[in-house]
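Enquirer: Turn this into a structure:
(chains A and B)
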Amino acid sequence: MIGTSLESLWYGFGVALEPHNLMFCFIGVIVGNMVGVLPGMGPLATISILLPLTFGMKPVAAILMLGGVMYGAQYGGAICSILLNLPCHPPHAVTCLDGFPMTKQGRGGVALGLTVFASFVGASWGITEMIFLSPLLVRAALQFGPAEVCSLMLLGLLAGSTLARGSPVKGVAMTVLGLFLGSVGTDLETGSERYTFGMTELDDGIELIALALGLFGIAEFMNSVNQVAPINTKYTHVSFKDMRPTKADLKQAFFPMWRGTIIGSLCALIPGTGPTIASFVAYATEKKISKHPELFGTGLIEGVVCPEAATHSSVQGDFIPTMSLGIPGDAVMALLLGALMIQGIVPGPQLISQHPDIFWGLVASFWIGNIMLVLLNVPLIGIWVKMLAIPYKFLYPSAMFFVCIGVYAANNDFFQVGEVVAIGLFGYILLRLGFHPAPILLGFVLGPRFEENFRRAMLISRGDIGVFVERPISAVFIALCAILIGSQIYFRLRGTKPPIEPSLHTHDTGAPPVAAEMRTPAE
Amino acid sequence: MRPSTSHLRELMGKRDFYAGGLMVLLGLFIALKGASYRAGTLMHMGPGFLPTALGVLLVLLGIAIAAAALAPVALGPDGAEHEENQRILPENPQWWAWFCILMSPVLFIFFGRYFGMVPGTFACVFIAALGDKGATWRGTLILATVITVFGVGLFSYFLQVPMPILTWWGAQ
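Expert: Residues are numbered from 1 along each chain as shown, chains lettered A, B, ... in the order given. You can find the predicted model right below:
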């Protein structure tokens, strides 16, 4: 078993090291990092904006590049939060707590250097997990019938919407909305059109790119325009030399880094608990076991390294269910899965055996990409720092162009550019009403497959809905769903928040950066 | 909890009330429209089955959200923040900027469709940039020109997006 995994990994390195694949991975990492650094651009916006660039590519190159964009953007976000105190991506909210004080003490460079290192350690661990756990999971998943797949999806959707930020009921409502949006267009089974209102352009359903760019692009710009406080670049003078940590720093960072990594990988195993929760749990744990918990928030290395390692190890871990079961844990994974589907690849347990080049190439390229990230960030830090100073008034009009041309390029269709306007406006209204739109994407991507499996399960069971609790594996998933809902109601009635819910208020992919800045108690 | 006028007014000021209301309306729309498709039986589901079910579910969730607004506010340690959360419009509504952002793709469609990528890009960036409160004509023009040159180079020449660069009344 281990032998085959290593052999496949070797094959994966062969794929990832092919010159053009290597080049696209490099482009992905550098562009992702560049866009991710820009204040107000989280990984979701970055991936959606860069997604259209991959349309003309072969599937392997495209997914390698998008993988690079994802962790490049993730790391770019860390730079933004440590130097500017602006968490562009929720997992980085805790990094701000100790990262920004370190910057104010003139140790921002050290914090960045150690972040690079911690991310690398966390990611490497996550990748190792992915190599050995994915084939195991696939073996189990191949036994699943439609009923099991259905209840597993239900669990994934519920976990993704209730454990995320904000009100769980609102999260579930957004997921349901996403499932509905996924059903717009021609029904695959019967061929009849649903909710198209006679518009032939909607026959193929709502375009994923239009949905993602509307919700995470336009709605986000409407939320941030003229609301972003002028960026304080007082502390951002970091050069190459400042990034080298001393021996004492490294010693201080070593154990927290590993603790963060382990916490992150454990969180990745629980469906729905993505990097945000991992980083909060990591910070809280580190604070609890520390000999001097009162010093947290004043610029402790542990407070930066532990959550960052946890974030990266959990993000890599999230790829396991995404790639081996076809069930994404959060919106970022859903977007990557959607990109695969655009390339004509069907996600699910058969993906690894049918497209080994994609899976193992991606695994190998994670390592290569993370090494590139380390090598790039040390010399290029000066450029990233300069990019932090780009004012928002130049940023969002340029991004609007990328949104328009990106949606157009998906199918060379102006109608879909119109779709993006409508979705953007709707997304902004949802934001203002306190909804977080990320679960919409999750429901949208899983919707058609959920319906297909549900139908099949019902056909096999001859219309007996009890099949979901009669089959043992499916019953376990349903029981987990029930526990999830039950615990949410329990905590609601007791008037306390679930312990897993971070007590800190920072913005999700949805809320305005300026609000996050106000609420982050680091300043 | 007496249903009095003051109580109703208080309720109307709550954001979750509208949030739940919107979900109920959407759910009703989805369910009613879905009911016009064939529902089929559980064993042989028609195209209307799942959407109708989702619509009904959304109505129920909407009622739950609105009902939560009725309940006495479960205050966290930070009551002030809760107050702020009830606001639907931001503190300083940016109607002009929102209009500009939404118009940007509309102009892109119009100019792109009938005059080609260069006018489309220029108009799209130009109107979006006007939304910023510190926008000047000069700065906006320069930004739009720079993005047009760069964007057309990248998407038309490098990525080969099949959209005419310049055309007159859309010889598409």
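
Enquirer: Pull the contacting residues for residue A:6.
Expert: residue A:131 (C-beta atoms under 8 Å, 6 or more residues apart in numbering or on different chains). All C-beta atoms are positioned from the backbone trio N, CA, C, and that covers glycine.

Enquirer: er, residue A:218 actually
Expert: Neighbours of residue A:218 in contact, by C-beta under 8 Å, 6+ apart: A:400, A:403, A:420, A:421, A:423, A:424, A:425, A:427, A:428, B:101, B:102, B:105.

Enquirer: Name the nearest residue to the first one, ignoring sequence neighbours.
Expert: Leaving aside its chain neighbours, residue A:400 sits nearest to residue B:128 (4.2 Å; criterion: C-beta to C-beta, 6 or more residues apart in numbering or on different chains).

Enquirer: what helix or strand does that neighbour sit in?
Expert: helix B:117-130 (DSSP states H and E).

Enquirer: ok, of the contacts of residue A:218, which come out buried?
Expert: By neighbour count, with 16 or more other C-beta atoms under 10 Å in any protein chain shown, these hold A:400, A:403, A:420, A:421, A:423, A:424, A:425, A:427, A:428, B:101, B:102, B:105 as buried.

Enquirer: Let me know the angle separating the helix or strand harbouring the second one from helix B:117-130.
Expert: Here residue A:403 sits within helix A:392-411, counting by DSSP H and E. Direction vectors for helix A:392-411 and helix B:117-130, defined by axes from the mean of the first three to the mean of the last three C-alpha atoms, to 10 degrees, enclose an angle of 140 degrees.

Enquirer: mind listing what's buried in helix A:392-411?
Expert: Neighbour count says helix A:392-411 has A:392-410 buried, by 16+ other C-beta under 10 Å.

Enquirer: got the contact list for the closest residue to residue A:238 other than its chain neighbours?
Expert: Leaving aside its chain neighbours, residue A:238 sits nearest to residue A:109 (4.4 Å; criterion: C-beta to C-beta, 6+ apart). Residues near residue A:109 by C-beta under 8 Å, 6+ apart: A:238, A:239, A:241, A:242, A:243, A:244, A:381.

Enquirer: so which of the residues you listed is the most crowded?
Expert: Scoring the contacts of residue A:109 on neighbours with other C-beta atoms under 10 Å in any protein chain shown, the highest-scoring entry is residue A:238 at 24 neighbours.

Enquirer: quick one, phi psi at it?
Expert: phi -120, psi 130 (degrees, to the nearest 10).

Enquirer: Pick out the residue nearest the middle of chain B.
Expert: residue B:102 (9.3 Å; C-alpha atoms, centre = their mean).

Enquirer: Am I right that that residue is in contact with residue A:423?
Expert: No - checked against C-beta atoms under 8 Å, the pair residue B:102 and residue A:423 is beyond contact range at 11.2 Å.

Enquirer: Run a quick check on residue A:162 versus residue A:170, I expect a contact.
Expert: No - shown here, residue A:162 and residue A:170 do not form a contact pair, counting by C-beta under 8 Å, at 9.8 Å.

Enquirer: Show me which of the two is the more surrounded one.
Expert: Legend: neighbour count by other C-beta under 10 Å for residue A:162 and residue A:170, higher for residue A:170 (26 against 23).

Enquirer: If we ignore the residues flanking it in sequence, what's nearest the more buried one?
Expert: residue A:435 is the one closest to residue A:170 (C-beta to C-beta, 6+ apart), at 5.2 Å.

Enquirer: Quick check: the one you found is in a strand.
Expert: No - counting by DSSP: H, G, I helix; E, B strand; the rest coil, residue A:435 falls outside a strand, being coil.

Enquirer: where does it fall, phi/psi-wise?
Expert: Taking degrees, to the nearest 10 as the convention, residue A:435 sits at phi -90, psi 150.

Enquirer: How about the contacts made by it?
Expert: A:166, A:170, A:173, A:174, A:510, B:19.

Enquirer: confidence score at the third one?
Expert: Confidence per residue is given as pLDDT, and for residue A:173 that number is 93.

Enquirer: Kindly indicate whether it is helix, strand or coil.
Expert: Applying three-state DSSP: residue A:173 is helix.

Enquirer: Can you tell me the closest non-neighbouring residue to it?
Expert: For residue A:173, the closest residue by C-beta to C-beta, 6+ apart turns out to be residue B:61, at 4.3 Å.

Enquirer: go on, residue A:82?
Expert: Nearest one to residue A:82, counting by C-beta to C-beta, 6+ apart, is residue A:99 at 3.6 Å.

Enquirer: Give the next helix or strand downstream of whichever helix or strand the one you found is part of.
Expert: If you go by DSSP H and E, residue A:99 is part of helix A:93-104. Using DSSP H and E, the helix or strand that directly follows helix A:93-104 along the chain is helix A:108-141.

Enquirer: So which elements touch the helix holding residue B:128?
Expert: helix A:392-411, helix B:95-115, helix B:137-152 (3 or more C-beta pairs under 8 Å, 6 or more residues apart in numbering or on different chains; DSSP states H and E).
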